[in-house]
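Enquirer: Here you go, sequence then predicted model.
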Number of protein chains: 2
Amino acid sequence: MKKDLTETCLQSEQTHSGYLLKVFQDDVRLPNGQEAKREYIRHDGACVVIAELRPGVLVFERQYRYPVGCEMIELPAGKIDPGDTPLGCAQRELLEETGYQAAHWEHLGMMLPCIGYSSEKIDIFLARNLTPGEQKLDEGEFLEVFEMSLDEAEQAVLDGRITDAKTIVCLFWARRALG
Amino acid sequence: MKKDLTETCLQSEQTHSGYLLKVFQDDVRLPNGQEAKREYIRHDGACVVIAELRPGVLVFERQYRYPVGCEMIELPAGKIDPGDTPLGCAQRELLEETGYQAAHWEHLGMMLPCIGYSSEKIDIFLARNLTPGEQKLDEGEFLEVFEMSLDEAEQAVLDGRITDAKTIVCLFWARRALG
C-alpha cells in the first residue's frame, strides 16, 4: 500500500503582492506530524497552443524573455485572465500573438511547469484549420512569428536552440497527436 | 534580418526576500525605446537526473508537492546550492533522494521551466551503471522511490498520470539518449 504523503495547510499568509507575482508562506503539517514552512506563488494558470499550419508544420514565436535574459523559441501561450476559460485564453492568445484563428480546437492535456514553488497549471491545446489575420499585440509585447516543422523543432531541442520547457512538453504531445 | 527584441535593465530592485523565493522588479528599456516593468524570481538553478536502472527502466519518485496540492510522479531533481556544480548537485540529489550512485554520468542538455517569471535553469543528466544504497532524505522531505519503464512513463503522460513538465522534458531526452 502506498504511504500517504499529503501535507496539510495549518495557516496561510500572503507575504508579497507584486503587479504580477503573489507569494504565500504557509505553515503545513507533514506526514510525520511535524510542522514545516512552504513558500510558493499562487498563479491563475495559463495555456499553450500547438497550432498546425500545414501537415507537420507548427506556428512558433521568437520572443525576448527578461527573467532568463535571452530570446526564446516558443509556442504561442499566455496567462488565463480572471473569468476566462482555458479554451477562451488559448483562442485569444493565438489570435493576439500570431493573428491566426482556428476552426478546430482540441484539449490534449495539461502540465505543471514549476511544482517546487508555483501553483501554475498550463492547459495544452491543439489548433487546426488555421486562417491568417492580423497580430494584436499588447502594449510592451514584442515577438516575431515563424513556422517550423515538428521534425526540425525536435532537432532544435537536441541541439539546444529550443530550451523552453512548455514548448518541449508540447512537442512530446504533438508527435503523438499529429502522428 | 531578425529584429533585435532585447529588453535592457535600467534599474533593479529586490521586492521580496523569502526563505526560498527572491523576487525582483526591474525597470527595462523595450525594443521600441519605451520603458516597462518586469517582475521575476532569481533562482540559483537546479538539476534533474534520468537514472537508468536497467535497459529502458528509469528511477522515479512519488512526492507530495504543496504548491500544486497533489502527489506527483517525478524524476530525481533538486536545487543547486551555492558553490555547487550542476554535476555535483545531480550526484548528491540522486544519492540523497534514491540511494543510488552511478558510475557513468552524461550531461544531455538544459531546460528553462518558467521563462515568464523565473530565471531558473535545469541541467539534465543521464546516470547509468547504478549501485543501490540508502536514501538520505532532508528533514521534512518525504518521497517514495519506484521504477517504471520509459514506455510506460510515456503512456503515463498521455493518460495524465505524469504532468510534471521537467519530467516530461526528460522523457523526450531519454527516448533519444537511450534509443
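Expert: Okay, I see it.
Enquirer: contacts, neighbours, all on C-alpha from now
Expert: Will do.
Enquirer: Need the three-state assignment for the residue lying farthest from the centre of chain A.
Expert: Within chain A, the residue lying farthest from the chain centre (CA atoms, centre = their mean) is residue A:33, at 35.0 Å. Secondary structure, DSSP: H, G, I helix; E, B strand; the rest coil: residue A:33 is coil.
Enquirer: measure it to residue B:38 for me?
Expert: Distance, residue A:33 to residue B:38, using CA to CA, to the nearest Å: 40 Å.
Enquirer: what's the answer for residue A:96, then?
Expert: Note on residue A:96: its distance to residue B:38, by CA to CA, is 20 Å.
Enquirer: Ok, residue A:143 next?
Expert: According to CA to CA, residue A:143 stands 16 Å off from residue B:38.
Enquirer: In chain A, which residue is most central in space?
Expert: Most central in chain A (CA atoms, centre = their mean) works out to residue A:122, at 4.4 Å.
Enquirer: Pull the contacting residues for the closest residue in space to residue A:7 that isn't next to it in sequence.
Expert: Spatial nearest neighbour of residue A:7, excluding adjacent residues (CA to CA, 6 or more residues apart in numbering or on different chains): residue A:30 at 5.0 Å. Applying CA atoms under 8 Å, 6 or more residues apart in numbering or on different chains to residue A:30 gives the contacts A:5, A:6, A:7, A:8, A:36, B:140.
Enquirer: Touching, residue A:126 and residue A:105? I think so.
Expert: Yes. Using CA atoms under 8 Å, residue A:126 is in contact with residue A:105, at 5.8 Å.
Enquirer: the more surrounded of these two?
Expert: Using other CA atoms under 10 Å in any protein chain shown as the criterion, residue A:126 and residue A:105 rank with residue A:126 on top: 22 against 17.
Enquirer: and the more buried one, what helix or strand is that in?
Expert: Here residue A:126, judged by DSSP states H and E, is contained in strand A:122-131.
Enquirer: Contact partners for residue A:116?
Expert: Per CA under 8 Å, 6+ apart, neighbours of residue A:116: A:40, B:65, B:66, B:67.
Enquirer: now, the most widely separated pair of those residues?
Expert: A:40 and B:65 (10.6 Å; CA to CA).
Enquirer: Would you mind telling me which of the two has the busier surroundings?
Expert: residue A:40 (25 against 19).
Enquirer: quick one: is the helix or strand harbouring residue A:78 near chain B?
Expert: Assigned by DSSP H and E, residue A:78 falls within strand A:77-79. No. Strand A:77-79 stays clear of chain B (CA under 8 Å from any CA of the partner chain), getting no nearer than 9.4 Å.
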